[in-house]
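Asker: for reference, the sequence and a predicted model appear below.
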Amino acid sequence: MGTKHFNKLFLVTFFTSFCGIISAQSDHILWYNQPASFFEESLVLGNGKLGATVFGGVDSDKIYLNDATLWTGEPVNANMNPEAYKNIPAIREALKNENYKLAEELNKKIQGSFSESFAPLGTMNIVHSAKGKEATYSNYYRELDIANAVSKVNYTIDGVKYTRTYFVSAPDQIMVIKLTSSKKGSLNFDINFESLLKYNTTTQDNIMQILGYAPVHSAPSYVKEENPIVFVANKGTRFAADIQIKNTDGTVTKTENTIGLKNGTEAIIFVSIATSFNGFDKNPATQGLNYKAIASENLNKAISKSFNNLKESHSKDYQKFFNRVKLNLGKTEAPNLPTDERLLRYSEGKEDKKLEVLYFKYGRYLLISSSRTLGVPANLQGIWNPYMRPPWSSNYTTNINVEENYWLAENTNLSELHQPLLSFIKNISETGKITAKTFYGVNGWTAAHNSDIWAMSNPVGGFGGGDPCWANWNMAGAWLSTHIWEHYVFTQDKNYLKNEGYELMRGAAQFCLEWLVEDKKGNLITLPSTSPENKFVTPDGFIGATMYGGTADLAMIRECFDKTIKASKVLNVDAEFRGKLETALSKMYPYQIGKKGNLQEWYFDWNDEDPKHRHQSQLFGLFPGNHISPLKTPELANAARTTLEIKGDETTGWSKGWRINLWARLLDGNRAYKMYRELLRYVDPDGKKTETPRRGGGTYPNLFDAHPPFQIDGNFGGAAAVAEMLVQSNETEINLLPALPDAWESGSVSGICARGGFEIAMDWNAKTLKKVTVFSKNGGKTTLVSGDKNKEITLKKGQKIEINW
C-alpha cells in the first residue's frame, strides 16, 4: 500500500478547510491520517444486525462483514446431562465435611457442553486500479462521524481526489458505499469476497451473490479438540450476501467471482445480507427463514432509491436515538489531533474533555449499532468479529460481560435497545427450566457462565473438563432478572412487567429459593457455591473454587428477591410467594467484613489466590445492585471501598468499567475519574510490534475497549459510568451530581434518565448545580437531591419543570 504522506501541520490545515467538518477537539468524530492496518484501528458500522468493519485502504479497501444472527451450531439439547443433579448431595456432603478438594472434583460432574461461537460472515475487498501499480497517494483522511453513523475516506492520487462514504442502514437493512472521483472516468475497481465459512460465489449482470453456511460446531479457542470446527452440508445456519454496483457512468465488469467498474466517475455499492436464523429453538437448516429471498428483496428495494434518500432515512432513524443525550464537560485547551495521537496525548495525563465526551458518545453509538435484533443481544465483540474461533467464542458471558453491555441502556436513554437482551432472557428461561431440573434438581430457571444465540443455559466445561471457578457458576438467572426490573423502573411500563417481565423474575427467584439451604447456624446459603473466576486459599493451603455461601451468590439472590418482591407489590399479585421471599431474605447469611476491613468474598475470611483479581463480584450489591450504599449501609460501603483499595486500579478494560461505576456509587468522583482516565489509556493494536509496546487494559486506537483483546463491554461500562457520576437514582430519589470529579467543575447534560420514569437536564458551575429540568414520562413524584439541598416534586404525565437550584 502506498505510504506517501505530508507533514501533519499541512494535513490538519488541509482537512479543516477541505472537509469542512473537523472542529477543534471534536466530541463526535474519530479521524486518522492513514488507513487501518489492524482490526483495532478500523472503524465499525452497524444497524443492530449487519456489522461492517472498514479499514479504508487505498489500493484495497478491506471490509469485514458480520450478521448478528450468524453463529455456529443449532438449537441446544438442554437435557444434555439429565442426571447431573444426582451428584449434588455428594458435593454437599463433602463441603459439610470441609473436604474442599473432593468437592472441587465432584463439582466437575455438574457440567455440560460449551457454547457455540459468533461467526465471521466474510471479507469484501474493493480493489482499486492505479495504472497497474501500487498507488502513491497524499492528503489521506479517514473518519467516523458518530453523530450521523457515517464513515468517510478521502485521498488524492495524481491530482485526482477520491472519496468513499459508508453507512449501514436500519430502515433499509442495507450497507451503502458511495465512491467518487474528481476526474471523469478515473474510478476503477473490482470487488471480491472471501470467507472462513463454506461458500460459493456467482455473478450475474452487476450483482455478485455469495451463498454459504456456518459450522454446526465450533469449539472455544481455549479448548483442544481433534476437530474444533465441524461443517456439515445440510446443517447449520445459512447465509446470503448480495453485492451490487449502481453506476452513473463507466462500465460494470464481472468475472466468475468478482464484479467491478471500469472508467467510472461515481458509483454506489450495495451490500445486502440475510441468514436462515429463525429463533433459538428452530433448526436453521430445516426450519429457517428464506434468507435468499430476504437478501434479494432488501437489495432490490434499496437500489431503487437515491443515495440521498437512503442516507437521509438512515440518519433520521439513527439520530432518534443518538440525539436524545447531550453532554458538555466544559472548556478544553486540547489541540486538534488524529484520534490515535489524541489518545496517546491523553494517556500522558494531558487534558482533553471532549475526548472524554467522545468516549461516552461512542459507547452509545456502539449500542445503537449492535443491539437492534430481538433475542440477539450484543455479544462480547458487539457484532464485529473476523475470527473463526474468536476470543471466548464471542459469546454471551453471563457472569458480568453481557450484563455490562446493557448498563447504559436505560440511564443513557436507549431503553428500546435493551429489548434484545430482555427478549433473550425469555429465551434462556426456557432452556433454563431444564437446566434447573437436570443440573440442580429444583424448579424455576437459571443459567450459567456462558450462553449463545441458542440460549444455552447449562454450566459449561465440556462435561468435566472445566475449572469450577468459571464453569460451575450458576447465578446468571438471578443477575439477568434484575435487568427486567431496571427496565420497568426506568420506563414505568407496567404492561411489560405484567405481561412478560414478572413471570421471568418469579422463575429466577423460584430457582434461588429452592437452591438455598441452611448452614449450621440456620442461615440460608448456596451449597455448593463459586465466585466468578476467582479462587480461595484455605488455611491449610488448598486452592480451589468450590465452597458454600459465596458472597456474590447471596448478593445476587438478595437483589433478585428484593426486585421480585417489589414487582409483585406493583402488580398486587403473588402475596404468598412474596412472603416466602421476604422470609428467605431475613434468614440469609449476612455480609461479613474481614480482618483487613474488606467485604469478604468467601463464607470464611480466607485469602484470594489473586488479591487483585479482575472480578469483584462480592460488590454486586453496591453496583449494579443497590442494596449497599454509603448512606444506607455505611459499614458495608466502607468495606467495599477497602476491597477496591486492596484490588488496586490496574485491571482489564471491562473490569475498569465496573470499578468506575463502583467508585461512583461510593460517591468518590475523583477516584472514578482517575479510573476513567486509565480506561482511556492508549493500547497498541494486537499484533503490532513496537520497541516499547503499550499493553494491558485500556483503549485501542479506534476507541475499542482493550481487555485485552477487544471486548466491547468496557466501552459500555465506561459510558454507563459517566452517567452514573452525574445522576444516581432509586424509586423515590434522584441524586444530581453525586460523584462529580474536580476535573468536570463546569458543564451541562440533557437526556439522562432516572428511575421513576424521569428525564434530567442540568447545568452546573464550580461543582455546584445551577439549574435542573425534570421531565416525567408517565407522571409521578420523586425527591431531587444535590449537595445538602433537596426538593420533592410531583409531575403529571408529560409535564416538565425547571428549577433554579
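Answerer: Received it, and whenever you're ready, just let me know what you need.

Asker: quick one: Gly625 is in a strand?
Answerer: No: assigned with DSSP: H, G, I helix; E, B strand; the rest coil, Gly625 falls outside any strand and is coil.

Asker: so how far is Asn702 from the closest residue to it other than its chain neighbours?
Answerer: Nearest non-adjacent residue to Gly625, counting by Cβ to Cβ, 6 or more residues apart in numbering: Glu559, 4.1 Å away. Yep, even glycine has a C-beta here, placed from its N, CA and C like the rest. Distance, Glu559 to Asn702, by Cβ to Cβ, to the nearest Å: 35 Å.

Asker: cool, and Tyr137?
Answerer: 21 Å.

Asker: which of those two has more residues huddled nearby?
Answerer: Comparing Tyr137 with Asn702 by other Cβ atoms under 10 Å, the one with more neighbours is Asn702, at 23 against 20.

Asker: dump the residue contacts of the more buried one.
Answerer: Going by Cβ atoms under 8 Å, 6 or more residues apart in numbering, Asn702 touches 30, 36, 40-44, 339.

Asker: and Asn495, how many neighbours?
Answerer: Counted with other Cβ under 10 Å, Asn495 comes out at 9.

Asker: scratch that, Lys326 is what I was asking about
Answerer: There are 14 residues near Lys326, going by other Cβ under 10 Å.

Asker: number the residues from 780 up from this point.
Answerer: Yep, numbering from 780; the last one is Lys1105 now.

Asker: ok, it - contacts?
Answerer: 1527-1530.

Asker: let's see it at 6 Å
Answerer: Ser1529 (Cβ atoms under 6 Å, 6 or more residues apart in numbering).

Asker: with Ser1527 instead?
Answerer: 1107, 1542.

Asker: and with 10 Å instead?
Answerer: The neighbours of Ser1527, taking Cβ atoms under 10 Å, 6 or more residues apart in numbering as the test, are 1105-1109, 1540-1544, 1549-1550.

Asker: which pLDDT value belongs to it?
Answerer: Per-residue pLDDT puts Ser1527 at 98.

Asker: cool, Pro1472 as well?
Answerer: According to the prediction, Pro1472 has pLDDT 76.

Asker: give me the nearest residue to it, chain neighbours excluded.
Answerer: Per Cβ to Cβ, 6+ apart, closest to Pro1472 is Asp1463, 5.4 Å.

Asker: tell me how many other residues crowd that neighbour.
Answerer: So Asp1463, with other Cβ under 10 Å, has 19 neighbours.

Asker: and for Asn812?
Answerer: The burial count for Asn812: 18, using other Cβ under 10 Å.

Asker: also Asp1384?
Answerer: Asp1384 has 14 nearby residues by other Cβ under 10 Å.

Asker: so who does the nearest residue to it once chain neighbours are set aside touch?
Answerer: Among residues not flanking Asp1384 along the chain, Gly1373 sits closest, at 4.4 Å (Cβ to Cβ, 6+ apart). Residues counted as contacts of Gly1373 (Cβ under 10 Å, 6+ apart) are 1379-1381, 1383-1386, 1418, 1421-1422, 1425.

Asker: report the rounded mean pLDDT for stretch 1196-1215.
Answerer: Per-residue scores along stretch 1196-1215 average to 98.

Asker: no wait, stretch 1255-1267
Answerer: 98.

Asker: also stretch 1281-1298?
Answerer: pLDDT averaged over stretch 1281-1298 gives 98.

Asker: what's the answer for stretch 1485-1502, then?
Answerer: 95.

Asker: quick one, strands of the stretch 1180-1329 of the chain?
Answerer: Secondary structure of the stretch 1180-1329 of the chain, counting by DSSP state E, counting those that start in this stretch: strands at 1229-1230, 1296-1297, 1303-1304, 1315-1316, 1322-1323.

Asker: to Ser1565, which of those strands lies closest?
Answerer: strand 1303-1304 (38.9 Å; Cβ to Cβ).

Asker: quick check, Leu1159 in contact with Asp1492.
Answerer: Yes: taking contacts as Cβ atoms under 10 Å, Leu1159 lies within contact range of Asp1492: 7.0 Å.

Asker: more crowded one of those two?
Answerer: Legend: neighbour count by other Cβ under 10 Å for Leu1159 and Asp1492, higher for Asp1492 (29 against 24).

Asker: what's near enough to touch the more buried one?
Answerer: 1157-1161, 1176, 1179-1186, 1431-1434, 1436-1437, 1484, 1486.

Asker: can I have the buried ones of the residues you listed as a ChimeraX selection?
Answerer: The ChimeraX selection below is limited to those of the contacts of Asp1492 classed as buried (16 or more other Cβ atoms under 10 Å):
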select :1157,1158,1159,1160,1161,1176,1179,1180,1181,1182,1183,1184,1185,1186,1431,1432,1433,1434,1436,1437,1484,1486
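
Asker: just the contacts of Asp1492: which are in helices?
Answerer: 1180-1183, 1186, 1432-1434, 1436-1437 (DSSP state H).

Asker: helix or strand next in line after the helix or strand bottoming out on mean pLDDT in the chain, which one?
Answerer: Every helix and strand in the chain was compared by mean pLDDT, DSSP states H and E; the lowest is helix 787-797, with a mean of 38. Proceeding N to C from helix 787-797, the next assigned helix or strand is strand 808-811, under DSSP states H and E.

Asker: ok, and for stretch 1333-1352, which residues are buried?
Answerer: Going by 16+ other Cβ under 10 Å, stretch 1333-1352 has these buried residues: 1333-1347, 1349.

Asker: same check on stretch 1550-1565?
Answerer: 1551, 1553-1556, 1559, 1561, 1563-1565.

Asker: what's the farthest-apart pair in those residues?
Answerer: Of all pairs in the buried residues of stretch 1550-1565, the most separated under Cβ to Cβ is Lys1556 and Ser1565 at 21.4 Å.

Asker: so which residues of the stretch 1480-1584 of the chain form strands?
Answerer: According to DSSP E, counting those that start in this stretch, the strands that the stretch 1480-1584 of the chain contains are 1484-1485, 1506-1508, 1512-1515, 1526-1533, 1537-1544, 1547-1555, 1559-1565, 1568-1574, 1579-1583.

Asker: show me what contacts the residue lying closest to Ser1092 once chain neighbours are set aside?
Answerer: Spatially, and ignoring its direct neighbours in sequence, Ser1092 is nearest to Pro950 (4.6 Å; Cβ to Cβ, 6+ apart). Residues near Pro950 by Cβ under 10 Å, 6+ apart: 826, 1081, 1089, 1091-1093, 1095-1097.

Asker: could you do Asn1107 as well?
Answerer: 806, 1132-1133, 1136, 1523, 1525-1529, 1542.

Asker: name the residues linked to it by a beta bridge.
Answerer: Ser1527 (DSSP bridges).

Asker: just the pLDDT for it.
Answerer: The model's pLDDT for Asn1107 equals 98.

Asker: and it, how far from Gly1497?
Answerer: 18 Å.

Asker: now do the shared contacts for Leu1159 and Asp1492.
Answerer: 1176, 1180-1181, 1184, 1433, 1486.

Asker: farthest-apart pair in those, please.
Answerer: Val1181 and His1486 (14.4 Å).

Asker: before we move on, back to that, same list (the contacts of Gly1373) but as a markdown table, adding secondary structure, pLDDT and distance to Thr1214.
Answerer: As requested, those are exported to a markdown table (DSSP: H, G, I helix; E, B strand; the rest coil; pLDDT from 0 to 100; distance: Cβ to Cβ, whole Å):
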| residue | secondary structure | pLDDT | distance to Thr1214 |
| --- | --- | --- | --- |
| Gln1379 | coil | 97 | 29 |
| Glu1380 | coil | 97 | 25 |
| Trp1381 | coil | 98 | 25 |
| Phe1383 | coil | 97 | 29 |
| Asp1384 | coil | 97 | 32 |
| Trp1385 | coil | 96 | 29 |
| Asn1386 | strand | 94 | 32 |
| Ala1418 | helix | 98 | 33 |
| Thr1421 | helix | 98 | 36 |
| Thr1422 | helix | 97 | 31 |
| Ile1425 | helix | 97 | 35 |
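
Asker: that's all I had, so thanks and see you.
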